[in-house]
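Enquirer: sequence first, predicted model second:
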Amino acid sequence: MENNRLLEMRGIDKTFPGVKALQNVDFSLNKGEIHALMGENGAGKSTLIKVLTGVYTKDAGTISLDGENVSIHSPADAQRLGISTVYQEITLCPNLTVAENMYIGRGKDVLTNWKKMNADANKLLTKLDIPAKATQQLANCSIAVQQMVAIARAVDMECKVLILDEPTSSLDEQEVEKLFGLMRDLKNLGVGIIFVTHFLDQVYEVCDKITVLRDGQLVGEYEIKDLPRVQLVAKMLGKEMDDLSDIKGEREAYHKEDADTKIFEAEQLVSDAGIKPFDFYIKKGEVNGFTGLLGSGRSECVRAIFGADRVIGGHVKVNGADAKIRGPRDAMKKGIAYLPEDRKVDGIIGDLSVRDNIILALQVMKGFFKPFSKAQANAFADEYIKKLSIKTASADTPIKSLSGGNQQKVILARWLLMHPEYLILDEPTRGIDVGTKVDIQKLVLELASEGMSVTFISSETDEMLRTCSRLIVMRDRKVVGELSGEDLTQSKIMSTIAGGE
């Protein structure tokens, strides 16, 4: 296979202040191969990719492409060498058109011949079956379509190495299949694809090999056929463990049936985000959830509950009393907290420290003219860094330099610091590793056992079944069913989504 070797990374080291991100890591990629890069958050996957794409400069090691050593000092160097990347967080410009996003930065003449640029863009969009027009503003496209545009941009650069960093996080099943079809076509053309994902099913469906990293070090490289899923999880976590089954056993203990107090009720609630009026309630200590396909209206429902979208109809009760929730601040005053779906846009403030991100919501409620003392802020941050096992060099570290899973834990810490009565978690485990998923799921059940009410949304149905005792099923932006008890099964959810009953 050596003469088929496309990319070789040997002995890669990268250190940040207080953190050895990569230690003597090797990675290789063949032509016409789909190679999964796996590991927990903080394992070093993103750092390795950023070294390969010139975002970071390596401290030691060598990189060779087609058998020749190469120096990559910037993303432009990587692009010239035929290395294209689609990152987990979409890095396009929402104020530009689809075509402008596809061709910006691609040479001086590209953006001057608008007619040709739009024609080329439409040709590629049609070829890849992406439901967007060249002249459409990107901001008006769904996150899923934006992701596909990012992939189209990368593919159109005649790449030798295509890096897909969590590309399926925002895609529904049909779009994932479309992407896999595209990946297989590129593989047949000899393109080497590095696929970073936390969806184990997808790895086994589309990949040829797996490289596992843990704590910045190489665990090993494996042929897909030689590494069963249980072993993969064990290698990622560094311990033998049936990763999720123990949670199922815990669920019954946590969901106590004696709590019948409805702490939040909504009747015919509707916002300006296009959802149909819906009824909803949650009891004290209950974990429930909204489930449905991408675009079904799950997120819009919880955004209406929190007042993040403008509510235009319906009635709300909190602890049995009529309440007006005109915006997030009203919800927070009523003891409601909300972890949003898009942590980059609605969650973190990248340049602020971990500590400042943790105390943000509490500071808003106290008022910015009454700041916490440094000692108070440190005490809050230290408590939750320890409680949630947040991996960070210190509380002063800018949150943007943390891994995705640790950023998510910081936002969770922000809301737990408020000691809410009702916590809404929208995709809290999207794009994070198996180990952190387990941590968050267990935490949700612990909080519920202590009396907190939690609404949990996840694209992964099995995750919903592990954590929720009641599911509200959605299709086409309306509620089409509610499942609990013996009806809480994968097949019942699917049939309810399909049939509406």
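Expert: Yep, it's here.
Enquirer: where in the stretch 1-150 of the chain is pLDDT low?
Expert: In the predicted model, the stretch 1-150 of the chain carries pLDDT under 70 at residues 1-2, 41, 88, 107-112.
Enquirer: all helices for it, in order.
Expert: 45-52, 75-80, 98-103, 114-127, 143-155 (DSSP state H, counting those that start in this stretch).
Enquirer: with mean neighbour count and distance to residue 66 added, can I get those helices in a markdown table?
Expert: For every residue, glycine as well, the C-beta is placed using N, CA and C. Output for the helices of the stretch 1-150 of the chain, formatted as a markdown table (neighbours: other Cβ atoms under 10 Å; distance: least, Cβ to Cβ, whole Å):
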| stretch | mean neighbour count | distance to residue 66 |
| --- | --- | --- |
| helix 45-52 | 23 | 14 |
| helix 75-80 | 16 | 14 |
| helix 98-103 | 25 | 26 |
| helix 114-127 | 16 | 26 |
| helix 143-155 | 22 | 19 |
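Enquirer: what's the closest of these to residue 341?
Expert: Taking Cβ to Cβ, helix 143-155 is the member of these nearest to residue 341, at 8.6 Å.
Enquirer: quick one, that closest one and helix 114-127 angle?
Expert: Counting by axes from the mean of the first three to the mean of the last three Cα atoms, to 10 degrees, helix 143-155 lies at 110 degrees to helix 114-127.
Enquirer: switch to numbering from 106
Expert: Noted, 106 is the first residue going forward, which turns the last one into helix 248-260.
Enquirer: CA atoms only for helix 248-260, dumped as CSV, please.
Expert: Listed next in CSV are the C-alpha coordinates belonging to helix 248-260 (Å, rounded to 0.1, in the frame of the first residue of the first chain):
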residue,chain,number,x,y,z
ILE,A,248,-27.7,25.2,8.6
ALA,A,249,-27.9,21.9,6.7
VAL,A,250,-27.7,23.6,3.3
GLN,A,251,-25.0,25.9,4.5
GLN,A,252,-23.0,22.8,5.5
MET,A,253,-23.5,21.3,2.0
VAL,A,254,-22.4,24.6,0.4
ALA,A,255,-19.2,24.5,2.5
ILE,A,256,-18.6,20.9,1.3
ALA,A,257,-19.3,22.0,-2.3
ARG,A,258,-16.7,24.8,-2.0
ALA,A,259,-14.1,22.3,-0.7
VAL,A,260,-14.9,19.7,-3.4
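Enquirer: then the helix or strand just after it to PDB, C-alphas only?
Expert: Using DSSP states H and E, the next helix or strand after helix 248-260 towards the C-terminus is strand 266-270. Backbone C-alpha positions of strand 266-270 (Å, rounded to 0.1, in the frame of the first residue of the first chain) are rendered in PDB as follows:
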ATOM      1  CA  VAL A 266      -7.100  15.400   0.600                       C
ATOM      2  CA  LEU A 267     -10.600  16.300   1.800                       C
ATOM      3  CA  ILE A 268     -11.000  16.900   5.500                       C
ATOM      4  CA  LEU A 269     -14.500  16.600   6.900                       C
ATOM      5  CA  ASP A 270     -14.700  17.800  10.500                       C
END
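Enquirer: which strands and helices lie in contact with whatever helix or strand comes next after strand 266-270?
Expert: Sequence-wise, the next helix or strand downstream of strand 266-270 (DSSP H and E) is helix 278-293. With contacts taken as 3 or more Cβ pairs under 8 Å, 6 or more residues apart in numbering; DSSP states H and E, helix 278-293 sits against strand 139-143, helix 248-260, strand 297-301, helix 305-311.
Enquirer: follow-up on the earlier one: of all the helices of the stretch 106-255 of the chain, which lies closest to residue 498?
Expert: Among those, helix 150-157 comes nearest to residue 498, with 14.0 Å by Cβ to Cβ.
Enquirer: who's in contact with that closest one?
Expert: Contact partners of helix 150-157, identified using Cβ atoms under 8 Å, 6 or more residues apart in numbering, comprise 112, 114, 117, 119, 126-127, 130, 132, 142-144, 161-163, 168, 177, 183, 188, 190, 266, 268, 270, 299, 301, 318, 321, 508-509.
Enquirer: out of those residues, which end up buried?
Expert: Those of the contacts of helix 150-157 that meet the buried threshold are 112, 114, 117, 119, 126-127, 130, 132, 142-144, 161, 163, 168, 177, 183, 188, 190, 266, 268, 270, 299, 301, 318, 321, 508-509, by 16 or more other Cβ atoms under 10 Å.
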